[in-house]
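**Student:** Task: produce atomic coordinates for the following.
(3 chains)
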Amino acid sequence: MTDPARPLGRGLIPFAFLAPALAIESAIVLYPVLRTTWMSFHDVSLFRPGSAPFVGFGNFARAFADPVFWLSLEHSLIWIGVVVALQFLLGFATALLLNQSFWWRGLARALVMIPWALPSVIIGLMWTWMYDYNFGVVNDLLMRLGVLREPVAWLARADTTLPAVMLALVWQGFPFFAVTILAGLQTVPKEHLEAAVIDGASALQRLRHIIIPAIADVLATVLLLRTIWVANSLDVVLVMTGGGPGYATYTLPFYAFLKAYSAMEFGYGAALSLLLTALLLLVVIAYVRRTAQTLAS
Amino acid sequence: MKRRAFLKLTAGAAIAGAVARPAIAKPVTVRWWHHFDNPQASAAGLIARFEAANPDIKIVAESIPWGGGNDYYARLFAAVIAGNAPDCAMVKLNNLSRLMEMQALEPLDERIAAWPERGDISDAIWSINKAPDGRRYYLPLQYVVIYLYYRADLFAAAGLPPPVRFEDFEAAARALTRGGVFGFGMRGGAGGYDNWGPFVLGGGASFEAGGMISEAALKANRFYVGLGTQAKVIPPSAPTDGFQQIIANFKAGRTAMAIHHVGSSNDLVAALGDRVSAAPVPRAPDGKGWTLFGDESSAVLAGSQQKEAAFQWIAFLSTGANNVDFNKLTGQLSVTTSGAALDPIHQPRFVAASAASLASAAVLPNSSKTPDFVASVWPTNMQQALLGQIEPDAMMRAFEAHFRG
Amino acid sequence: MTGRRTLLLRFVAVELPLLAILAFAIGPYVWMVLTSLRPDSDLAAFPLSYAPSAVTLEHYRALLAHTSFAGNLLNSLIVACGAVIVGLCASVPAAYGFSRFRFRGRRLLMTQFLVINMFPVVLLIIPLFVVMRSLGLLDTFIGVVAGHSTFSIPFAVWMLTSYLNAIPRDLDEAAALDGATRLQTIRLVLLPLVAPGLLTTAIYIFVTSWNEYLFAMMLSGDHVRTVTVALQLFVGEFTVQWGLLTAGGTLVALPVTLLFLIVQRRLVSGLTSGAVKA
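**Tutor:** Predicted coordinates for the structure are as follows:
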């Protein structure tokens, strides 16, 4: 694959291509990231700007000893696993369907964008109202369909709140998968598919043996990106439940946010976020290693 | 000797002369941050009136999203840190200690002492607004007092008078919990400590050392949590109900009583008319009561280059007719005695209930731990207790540990 | 031929499931639209009624006439378009660099891009505010665009890299053999083929900027108010302006939807056998 006339990896040419992106990132976000990292090693209170004693790993040790941290981590892991999986499956199915030809395909594709286009405040308030005990559409429809005999306080019970909020997140995020995978499906070589049809392969076989391998890289990438996004999302939780009832919907980014903005303990909040970042970093490194292997082969 | 005295006199005269000479009026711009519930409300009228009376001061008003308080204060703190703070802003007491620790506020004692309209604000309100270090950083702007809304028609049908003591309250709630209606729309979500306070703080608990775990405090809290877990007079959604839910439920007739304040009165009257009325929150058997004073004040920021002009503006807003016009934009009550008598926007029975509640109105302690108590410690413990995940006593111990531990 | 049967088959296998998915996708939105068309008094009605007691446009009228919402929509549009332009200008070259070159530190640089997005933005916001202030970019379009593109660029780079990776290197080499320079290869061969991916990345940046709240709230003021901040202003301390909020919520989704309706036609397969053979 290497062209001897154009040696790879030599010279500054690749970095010239990276320059604009790197420049913007360093100018804007480098300082905040470094500062947040610095804060995690100090006892920083936003309203005590003068004193920020160095505490080393103190904040991290405090996190490990903090039962709310472990609870938030557990919720975050469930949250990430379930939400990303459901968003992905629904989005993938939608992309496959939207790739077929039928006369209202354009309209369908556009309508699917709607959940993604709405800001979190609207999503949070709408879904909270839909789950309302007295005025909620969810209770009303389920009672009319005979599934429920009396309304359920979806957002006030420890067992239903997290799934309820996760449903809202799945709704919000599946269009992203639908659109990105739809674009990826465009790169599947048509002639391979046609040859497979001629050979008598079923739709499922075509999916497994031609489509998925062709877009594997795209799928893996969007899964990774979405996992990071979902792991860090806290807007909708904030609006819908504020972490409640009790600690039922505390996720790690939400807890970090609460510590930073409500208790103003920025150092501890920063440490909590860094722990989440470290977790995600492991996932990213694993991904990068695997793709480097497949690309090198 | 003579020479020194002569020099002193000359210096004194020179200084006096400098002060007596009229200051050259240089137009200054005052940046003012505010938040109004209704985005259609605009302070333009008040600003025009002020600028007409003070031609050398220009007011630039910025409306900042409230976002449950988080957004507004995140902006304010960030601006203070970045050196970009406004000259004056609307502020609440729950953030006073933090702003003080950041040294963000300008003490206003001398300016208030020289302010001719200060007598129009009652002593009770002045004393609530004082900072822990004895100085004044806040100028009262408006307020609400938490009281009890009740369905006058349902109470009349059941032959019950509006509740006065805790026992009356529980009896009424039990009597009215039937046919899908719940006696009390308890607010268990964020901000619900204003429902909890009257029963528990009014029942003997306090924020002093050991005040949350005294016998009386624990008993009062068990009673309050028991309204949900034993008497079952609250809707199943109560643990996470916020003010929207309790007002919506009360409006639709799903609850017979709700605890809130005059800010929602017009909305309720529009839906219920004469069927809704208000009374002060119930009191303990010994007659003592507690209710929340919902404050809002103005402050001048320490980094301002136009402190005098900024003070002129905020003093203008807290003066008589201006204050009443300001309240028209926000729906709260005037801090001035003259303005309170005029109230053109609220129905009299709700203003009366607020006034009757002022005597037992108080604020949460001025501690930097209070905002965290409000946003996180109180809701999580209350919700867990209502769901039976922890004992009510554990809740009170957690509060004690938060403030003292 | 078997026209009837394939039509029925297509309906059951494709259109029916899609209708179900769309019902899920737009159901809550439709509910919001319905709410925006009813008078406020309907909201307190119990039990729930689906049909409005009266259809009214008063909320839309109030929204457009008495608030700055229309202007906010325009601001959001400007910011989002700006973020797309800046974002693509930075990510397309970067993605090309990552896809077509192998160099030391490549994996590290790709990873570090993502690290930024792995931090919850809420914690970065106050130091970011200080940075923006020192650059003099507060309450300016450039400031918000810079903030938005900074957080879109990492994802955009990764997405574009993977779309570019799907295009075989043979094409680059074939073009080089034909005498094309690197830039000509990019312009004439790669960009047309990666157009669906480019479009998707542009859509991603646009939507991310469009519904973004935190930056818009912190970094802008009265001059550059986006639509997400405007909507938050309807959620007050003591009241929620449901009529204005639902009317605004209905309108805020429309530009994105319309935009996608127009551009989605370009989402066609760019890779045909012809290109590979030639």
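**Student:** what's the following helix or strand after the helix or strand hosting C:V157?
**Tutor:** Counting by DSSP states H and E, the element that carries C:V157 is helix C:141-165. Stepping forward along the backbone from helix C:141-165, the first helix or strand reached (DSSP H and E) is helix C:169-177.
**Student:** what's that next one packed up against?
**Tutor:** In this structure, helix C:169-177 packs against helix C:273-277, with contacts taken as 3 or more Cβ pairs under 8 Å, 6 or more residues apart in numbering or on different chains; DSSP states H and E. Yep, even glycine has a C-beta here, placed from its N, CA and C like the rest.
**Student:** Recalculate using a threshold of 6 Å.
**Tutor:** Using 3 or more Cβ pairs under 6 Å, 6 or more residues apart in numbering or on different chains; DSSP states H and E as the contact criterion, no secondary-structure element is in contact with helix C:169-177.
**Student:** Would you indicate which residues of it are buried?
**Tutor:** Within helix C:169-177, the residues that count as buried by 16 or more other Cβ atoms under 10 Å in any protein chain shown are C:171-172, C:174-176.
**Student:** Name the spans of the stretch 51-200 of chain C whose pLDDT lies under the cut-off.
**Tutor:** Within the stretch 51-200 of chain C, the set of residues satisfying pLDDT under 70 is empty.
**Student:** Most proximal residue of chain A with respect to chain C?
**Tutor:** A:F17 (3.3 Å; Cβ to the nearest Cβ).
**Student:** which ones are touching that residue?
**Tutor:** Contacts for A:F17 were tallied using Cβ atoms under 6 Å, 6 or more residues apart in numbering or on different chains; they are C:93, C:96-97.
**Student:** how about a cut-off of 8 Å?
**Tutor:** Going by Cβ atoms under 8 Å, 6 or more residues apart in numbering or on different chains, A:F17 touches C:93-94, C:96-97, C:101.
**Student:** Give me the neighbour count for the closest residue to it other than its chain neighbours.
**Tutor:** With Cβ to Cβ, 6 or more residues apart in numbering or on different chains as the criterion, A:F17 has its nearest non-adjacent residue at 3.3 Å, and that residue is C:G97. Neighbouring residues of C:G97 were enumerated by other Cβ atoms under 10 Å in any protein chain shown; the total is 23.
**Student:** Pick out the residue nearest the middle of the chain.
**Tutor:** Just going to use chain A. The structure's chain A has its C-alpha centroid closest to A:V230; by Cα atoms, centre = their mean the separation is 2.3 Å.
**Student:** wait, chain B
**Tutor:** Residue closest to the mean C-alpha point of chain B, counted by Cα atoms, centre = their mean, is B:G294 at 1.8 Å.
**Student:** Residue numbers of the stretch 51-200 of chain C in contact with chain B?
**Tutor:** C:62, C:66-67, C:125-126, C:129-130, C:133-134, C:138 (Cβ under 8 Å from any Cβ of the partner chain).
**Student:** who's in contact with the closest residue to C:F98 other than its chain neighbours?
**Tutor:** Of all residues beyond its chain neighbours, the one nearest C:F98 is C:T161 (4.7 Å), with distances taken as Cβ to Cβ, 6+ apart. Residues near C:T161 by Cβ under 8 Å, 6+ apart: A:221, C:95, C:98-99, C:110.
**Student:** Give me the next element, helix or strand, following the worst-scoring helix or strand of chain B on mean pLDDT.
**Tutor:** Between all helices and strands in chain B, the lowest mean by mean pLDDT, DSSP states H and E belongs to helix B:2-20, at a mean of 48. Past helix B:2-20, further along toward the C-terminus, the next helix or strand under DSSP H and E is strand B:28-34.
**Student:** Please export the C-alpha coordinates of that next one as CSV.
**Tutor:** Coordinates of each C-alpha in strand B:28-34 appear next as CSV, following Å, rounded to 0.1, in the frame of the first residue of the first chain:
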residue,chain,number,x,y,z
VAL,B,28,-21.9,57.1,33.4
THR,B,29,-23.3,53.7,32.3
VAL,B,30,-24.6,51.3,35.0
ARG,B,31,-25.0,47.7,34.1
TRP,B,32,-27.8,45.9,35.9
TRP,B,33,-28.6,42.2,35.9
HIS,B,34,-32.1,41.0,36.5
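**Student:** got a list of contacts for that strand?
**Tutor:** For strand B:28-34, with Cβ under 8 Å, 6+ apart as the criterion, the contacting residues are B:43, B:56-64, B:75-76, B:86-90, B:305-306, B:309-310, B:313-314.
**Student:** Which ones among the residues you listed map onto strands?
**Tutor:** Among those, the ones falling in strands (DSSP state E) are B:57-63, B:88-90.
**Student:** ok, these vs A:S45, which is closest?
**Tutor:** The nearest member of these to A:S45, counting by Cβ to Cβ, is B:A89 at 21.1 Å.
**Student:** Contacts only, for the residue of the stretch 151-278 of chain C found nearest chain B.
**Tutor:** With distances taken as Cβ to the nearest Cβ, the stretch 151-278 of chain C approaches chain B most closely at C:G236, which sits 2.9 Å away. Under the criterion of Cβ under 8 Å, 6+ apart, the neighbours of C:G236 are B:35-38, B:66.
**Student:** Could you measure from it over to chain A?
**Tutor:** According to Cβ to the nearest Cβ, to the nearest Å, C:G236 and chain A sit 12 Å apart.
**Student:** Dump stretch B:144-164 to CSV, keeping only the CA atoms.
**Tutor:** These are the backbone C-alpha positions of stretch B:144-164, laid out as CSV (Å, rounded to 0.1, in the frame of the first residue of the first chain):
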residue,chain,number,x,y,z
VAL,B,144,-43.0,36.8,49.1
VAL,B,145,-44.0,34.9,52.1
ILE,B,146,-44.9,31.2,52.0
TYR,B,147,-48.5,30.6,53.1
LEU,B,148,-51.1,27.9,52.7
TYR,B,149,-53.5,27.8,49.8
TYR,B,150,-56.7,25.8,50.5
ARG,B,151,-59.9,25.1,48.6
ALA,B,152,-62.4,27.1,50.4
ASP,B,153,-65.3,25.3,48.8
LEU,B,154,-64.1,21.8,49.7
PHE,B,155,-63.5,23.0,53.3
ALA,B,156,-66.9,24.5,53.5
ALA,B,157,-68.5,21.4,52.1
ALA,B,158,-66.7,19.3,54.8
GLY,B,159,-67.6,21.8,57.4
LEU,B,160,-64.0,22.6,58.3
PRO,B,161,-62.4,25.9,59.1
PRO,B,162,-59.0,26.7,57.5
PRO,B,163,-56.4,24.8,59.6
VAL,B,164,-54.5,26.7,62.4
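**Student:** Walking through the stretch 251-400 of chain B, point out its strands one by one.
**Tutor:** Residue ranges of the strands in the stretch 251-400 of chain B, as given by DSSP state E, counting those that start in this stretch, are B:255-260, B:276-279, B:291-300, B:333-334, B:361-362.
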